[in-house]
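Asker: Here is a sequence with its predicted model. Questions after.
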Amino acid sequence: MPAKTIPHVKRTKAKGHTYYYFDTGQVNEKGKRIWKALPPPSDRTFGSVYAAMMGHRTRRANAVAQLSLTGMIELFQASDKFSKLAASTRSLYELYHRELIDKLGAAPAQMVERKDIVLLLDKMADRPGAANMVQRAGSAAYTWARRRGHVTNDPFADIEEMATGEHQPWPDDVLAKALASEDDFVRLSVHLLYYTAQRIGDVAALTWRDIIGDTIVMTQKKTGKALDIPIHAELAKELARHPRSLSTIIPGPATEGKNNKIRLALQAACAPIKVVPHGLRKNAVNSLLEAGCSTGETAAISGQSLAMVEYYAKQRSQKKLGQAAMLKWQRNRD
């Protein structure tokens, strides 16, 4: 049988000699196919060597076909590669890997196609930031799996990230209305988000045990930064309205589902004005700065870098700053 008709075998010529190689079906760390040398078909050992290589390839192909997406992600999370990622990155990847597992976990990892991922991400169009994180976390897992030979496909190839835009601070009247809401869930959520200047995931995870005296003691999930946040008098009043428990301050387990519940509740309360919880972080930073706090003092509450506080500061109210400056000027004169 001519070599060129033998499945997975290629023939090359060099310096007057003909060489034969078998496609193992695997790729190396750089994503290139791995070929193994074969004896020429005329050699009596060719049949046994070829059969052995085909057997290994078939077994690997069967194993790849049976490896579920959940199994592949679990392998990635148990890998040395994953353990060397920053703690904040690992936490984010684990969170958004769960989105993939919930929707496609039972599917063979090798059989997941680009159209499956596109459909999943399109269904998350109302949460572009989360969709982009699912894409990054999933792509990282597939890149690792391909380099290890667990899969050969790349369902995340050439998918553009969604435009997230920039979250805007809430209008003053909308914030005031939400802080005075008759809905306990909305009112408590807004108070915690605004008066701590933290991200929704960190606020949703706060427990009553995180309150020590007049301080909220917490560690930001994204940055790993430990914070002691003094409790604002208005937040203290709101907290006093709710019974303490061993659970989270905002009722419900701290999951992405809970985050979505908060988002939907706040949007419904503020309709028709479109708002997002992260906008309250900007409201808080701007309020601190407008009250005369320094960049460093503001960063001590929000946990942001000084550069990020300065970036947020661009949206401070000139009118409010002017009024505060004039009051200071008048007090100094008196």
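Answerer: Looks like it came in fine.
Asker: Now residue 37: which helix or strand?
Answerer: Assigned by DSSP states H and E, residue 37 belongs to strand 33-38.
Asker: Could you export that strand as CSV, CA atoms only?
Answerer: C-alpha atoms of strand 33-38 as CSV (Å, rounded to 0.1, in the frame of the first residue of the first chain):
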residue,chain,number,x,y,z
ARG,A,33,1.4,18.8,15.8
ILE,A,34,3.6,16.0,17.2
TRP,A,35,4.9,13.5,14.6
LYS,A,36,6.8,10.3,15.4
ALA,A,37,9.2,8.6,13.1
LEU,A,38,8.1,5.3,11.4
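Asker: Phi, psi for the closest residue in space to residue 297 that isn't next to it in sequence please.
Answerer: Spatial nearest neighbour of residue 297, excluding adjacent residues (CB to CB, 6 or more residues apart in numbering): residue 288 at 7.1 Å. (Each C-beta comes from the backbone N, C-alpha and C, glycine too.) Taking degrees, to the nearest 10, you get phi -60, psi -50 for the backbone angles of residue 288.
Asker: Can you name the residues that contact residue 288?
Answerer: By CB atoms under 8 Å, 6 or more residues apart in numbering, the contact list for residue 288 reads 197, 297, 298, 301, 302.
Asker: Distance-wise, check the third one relative to residue 99.
Answerer: If I follow you right, that is residue 298. According to CB to CB, to the nearest Å, residue 298 stands 33 Å off from residue 99.
Asker: The second one now?
Answerer: For residue 297, the distance to residue 99 under the criterion CB to CB works out to 37 Å.
Asker: just checking, residue 173 is part of a strand?
Answerer: No. Applying DSSP: H, G, I helix; E, B strand; the rest coil, one finds residue 173 to be helix, outside a strand.
Asker: low pLDDT regions in this protein?
Answerer: In the predicted model of the chain, residues 1-4, 29-31, 60-65, 88, 164-166, 254, 314-321, 324-325, 328, 332-334 satisfy pLDDT under 70.
Asker: pretty sure residue 154 is touching residue 140, no?
Answerer: No. Using CB atoms under 8 Å, residue 154 is not in contact with residue 140, being 11.8 Å away.
Asker: Compare the two (neighbour count), which wins?
Answerer: residue 140 (19 against 16; other CB atoms under 10 Å).
Asker: Assign the more buried one to helix, strand or coil.
Answerer: Of the three states, residue 140 takes helix according to three-state DSSP.
Asker: Which residue, other than its chain neighbours, is closest to it?
Answerer: residue 93 (6.5 Å).
Asker: Next, count neighbours for that neighbour.
Answerer: Close neighbours of residue 93, defined as other CB under 10 Å, add up to 22.
Asker: residue contacts, it?
Answerer: Taking CB under 8 Å, 6+ apart as the contact definition, residue 93 lies against 77, 82, 85, 136, 137, 140, 141.
Asker: Surely it is within a helix?
Answerer: Yes. Under three-state DSSP, residue 93 sits within a helix.
Asker: any idea how far it is from residue 134?
Answerer: 10 Å.
Asker: Over to residue 251?
Answerer: Counting by CB to CB, the gap from residue 251 to residue 134 is 26 Å.
Asker: repeat for residue 146
Answerer: Taken as CB to CB, the span from residue 146 to residue 134 is 18 Å.
Asker: quick one: which of the two has more around it?
Answerer: Applying other CB under 10 Å to residue 146 and residue 134 shows that residue 134 carries more neighbours, namely 24 against 17.
Asker: chain center to the lengthiest strand in the chain, what's the gap?
Answerer: Taking DSSP state E as the assignment, the strand of the chain that covers the most residues is strand 17-27. Here the centre of strand 17-27 is set off from its chain's centre by 40 Å, with CA atoms, centre = their mean, to the nearest Å.
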